[in-house]
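Engineer: Whatever this is, show me its structure:
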Amino acid sequence: MNASRISIGHLTLSQRLGCLEDRHGNMCHLRPKSYRVLEILAEHRGALVSKDDLIAGAWNGSVVTDESLSQCISDIRRALGKDDAKLLRTVPRRGYVLEAEAEAEILSNPASPAWVVRAVVSVAITAVLSISLFVTTMSPKATYMATQEVADSHDAPRVDPRGQDWRERDANDALRAELQDTLVSDPRNADAWAQLGVTFWLEVKHSAWGGGRRELALSLSALERSLLLGGGALAYRTLAEVRLDAPFRDARSVVDALAAAQAAIHLDPVDPNAQMILADALLANGHAEDAIPLIEQPLAALATPPDRYREIAGLIYLVAGESSKAVEEFGRLHGAGTFSGMRDYTGWFLAASLAHAGRIDEASTVVRQARISRPERTLQGVAVSLNRLADKGALDTVLDGLRLAGMPG
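Structural biologist: Below is the predicted model of the structure:
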């Protein structure tokens with residue numbers, strides 16, 4: 001075999017050209033670090049390459065986090081495509097193996113829990129346009145009832161971390177201790193690993209607790225372990241949320257978030273949380289119109305939808321051009337004290353929605369109120385405060401509305 005050309009599934013790694021080529025000669029260029037990681041793995045084909053060795057080889061001794069390496073791995077798997085991504089195998093807490101095709105066939109044994117994870121991801125990466133048909137097959141009431149049946153029928157964990165008040169730090173710590181005790185006696189408990197990942201993610205989400213990169217790495221590690229053990233929708237939807245909302249830009253990936261969210265809803269299509277996170281991921285990937293039927297199901301099915309559901313719904317409506325519906329959703333949040341709590345930034349969304357709906361005077365009033373109590377004074381300041389909006393089109397829509405409402409640049 002020509003050492004400068006290494007076959008990886010349907011692609012060839014050309015070391016002379018520094019890229020991947022398909023059978024027709026079309027080239028796929030990875031980011032330099034991602035290419036170097038793949039090159040190292042290809043040079044050690046079939047052997048475990050530790051994270052430390054990959055970082056040392058690709059970053060030449062620079063200090064970087066595991067998350068930077070994870071981003072490179074995600075880049076490589078996207079380039080390989082859904083059929084060949086299985087060739088790049090994660091060995092939890094240790095590193096990665098680029099399998100030979102013959103070894104990958106062994107891993108494709110349907111009896112293997114890891115095969116189930118890869119199969120779900122493959123099924124999940126489907127055409128976005130098919131989602132609307134999939135999620136509208138059940139009425140909101142039927143969706144809610146089926147959700148209860150699924151929750152009752154599973155061997156579910158005793159406590160759902162998402163059901164507790166995030167402000168109760170002690171409750172989160174107590175749940176984590178319980179889960180860690182469970183995993184000591186049952187280290188292959190996929191549900192416990194998923195819940196443990198959620199507890200660390202709560203630390204990151206609510207930074208007043210001191211959560212940071214360490215907690216994010218622990219969350220991702222626990223979620224990965226859960227998925228390797230055949231974990232379910234909770235692990236996937238939490239992973240999707242992490243990839244959408246991580247406070248560190250290098251930990252976000254809207255493409256990975258969409259794949260994980262699609263996997264979650266494939267496993268549990270009637271779960272309102274799965275529907276919400278998939279709607280959010282579609283919005284982040286520029287498919288607001290396809291997200292509308294998804295977010296409307298939990299809004300109609302739940303007697304008191306969480307504020308987060310309404311926020312995502314409002315943004316989807318706003319970006320999709322249904323500004324009057326956006327006003328309705330954000331108006332509920334604003335009426336609850338938008339500028340004096342965790343979700344105070346949603347006041348900017350209300351003002352933008354009002355402006356796009358032609359209600360300029362009302363939008364201007366909201367902007368004036370906001371500029372009294374908020375630190376942002378210009379459109380540029382608002383853009384910085386809303387940096388979690390992954391889709392540039394969504395941010396531009398909000399800023400355009402605020403400009404119409406008289407917000408200075």
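Engineer: Counting neighbours, what do you get for the closest residue in space to L183 that isn't next to it in sequence?
Structural biologist: Nearest non-adjacent residue to L183, counting by Cβ to Cβ, 6 or more residues apart in numbering: A192, 5.3 Å away. (Glycine included, C-beta is placed from N, CA and C.) Other residues lying near A192 total 25 when counted by other Cβ atoms under 10 Å.
Engineer: just R243 next, same as before
Structural biologist: Applying other Cβ under 10 Å, we find 24 residues neighbouring R243.
Engineer: what about the residue nearest to it when sequence neighbours are not counted, distance to L244?
Structural biologist: Using Cβ to Cβ, 6+ apart and skipping residues adjacent in sequence, the residue nearest R243 is A257, 3.7 Å away. Applying Cβ to Cβ, to the nearest Å, the value for A257 to L244 is 5 Å.
Engineer: Between those two, which has more neighbouring residues?
Structural biologist: Shown here are A257 and L244; by other Cβ under 10 Å, A257 has more neighbours (27 against 22).
Engineer: my guess is that one meets A281, correct?
Structural biologist: Yes: A257 lies in contact with A281 (Cβ atoms under 8 Å); the separation is 4.6 Å.
Engineer: can you list residues touching both of those two?
Structural biologist: The contact sets of A257 and A281 overlap at A240, L244 (Cβ atoms under 8 Å, 6 or more residues apart in numbering).
Engineer: low-scoring pLDDT stretches of the stretch 101-250 of the chain, where are they?
Structural biologist: By pLDDT under 70, the low-scoring segments of the stretch 101-250 of the chain are 101-168, 207-211.
Engineer: For it, just list every one of the helices.
Structural biologist: Assigned by DSSP state H, counting those that start in this stretch, the helices in the stretch 101-250 of the chain fall at 101-107, 113-124, 131-135, 140-153, 169-185, 190-205, 213-228, 233-245.
Engineer: Who are the packing partners of the helix or strand following the last one?
Structural biologist: Spelled out, it's helix 233-245. Stepping forward along the backbone from helix 233-245, the first helix or strand reached (DSSP states H and E) is helix 254-267. If you count contacts as 3 or more Cβ pairs under 8 Å, 6 or more residues apart in numbering; DSSP states H and E, helix 254-267 packs onto helix 66-80, helix 113-124, helix 233-245, helix 272-284.
Engineer: so the last one versus helix 233-245, what angle?
Structural biologist: Here helix 272-284 runs at 30 degrees with respect to helix 233-245, directions being taken by axes from the mean of the first three to the mean of the last three Cα atoms, to 10 degrees.
Engineer: next helix or strand past helix 272-284?
Structural biologist: Proceeding N to C from helix 272-284, the next assigned helix or strand is helix 288-301, under DSSP H and E.
Engineer: how about that following helix: buried residues?
Structural biologist: 288-299, 301 (16 or more other Cβ atoms under 10 Å).
Engineer: Now do the same contact list for the residue nearest to the spatial centre of the chain.
Structural biologist: With distances taken as Cα atoms, centre = their mean, A240 lies nearest the centre of the chain, 2.3 Å away. Contact partners of A240, counting by Cβ under 8 Å, 6+ apart, are D256, A257, L258, A260, A261, A264, I277, L278, D280, A281.
Engineer: if you set the cut-off to 10 Å instead, what comes out?
Structural biologist: Taking Cβ atoms under 10 Å, 6 or more residues apart in numbering, we find A240 in contact with 254, 256-265, 274, 277-278, 280-281, 284.
Engineer: do A177 as well
Structural biologist: T199.
Engineer: now the one 10 residues further on
Structural biologist: Counting by Cβ under 10 Å, 6+ apart, P187 makes contact with W193, R225, L229.
Engineer: Closest to D66 out of the residues you listed?
Structural biologist: Within these, the smallest distance to D66 is 14.2 Å, found for R225 (Cβ to Cβ).
Engineer: gap between that closest one and G212?
Structural biologist: From R225 to G212 the distance is 21 Å (Cβ to Cβ).
Engineer: higher neighbour count, the two?
Structural biologist: Between R225 and G212, R225 has the larger neighbour count (other Cβ under 10 Å), namely 24 against 13.
Engineer: Contact partners for the more buried one?
Structural biologist: R225 makes contact with 90, 92-93, 183, 187-190, 192-194, 196-197, 231, 235 under the criterion Cβ under 10 Å, 6+ apart.
Engineer: one more time with 7 Å, if that's ok
Structural biologist: Counting by Cβ atoms under 7 Å, 6 or more residues apart in numbering, R225 makes contact with P92, W193.
Engineer: How much space separates it from V366?
Structural biologist: 45 Å.
Engineer: If you count neighbours, what's buried in stretch 196-216?
Structural biologist: Neighbour-count burial for stretch 196-216 flags 196-205, 209, 211, 213, 215-216 (criterion: 16+ other Cβ under 10 Å).
Engineer: doesn't S7 fall inside a strand?
Structural biologist: Yes: counting by DSSP: H, G, I helix; E, B strand; the rest coil, S7 falls inside a strand.
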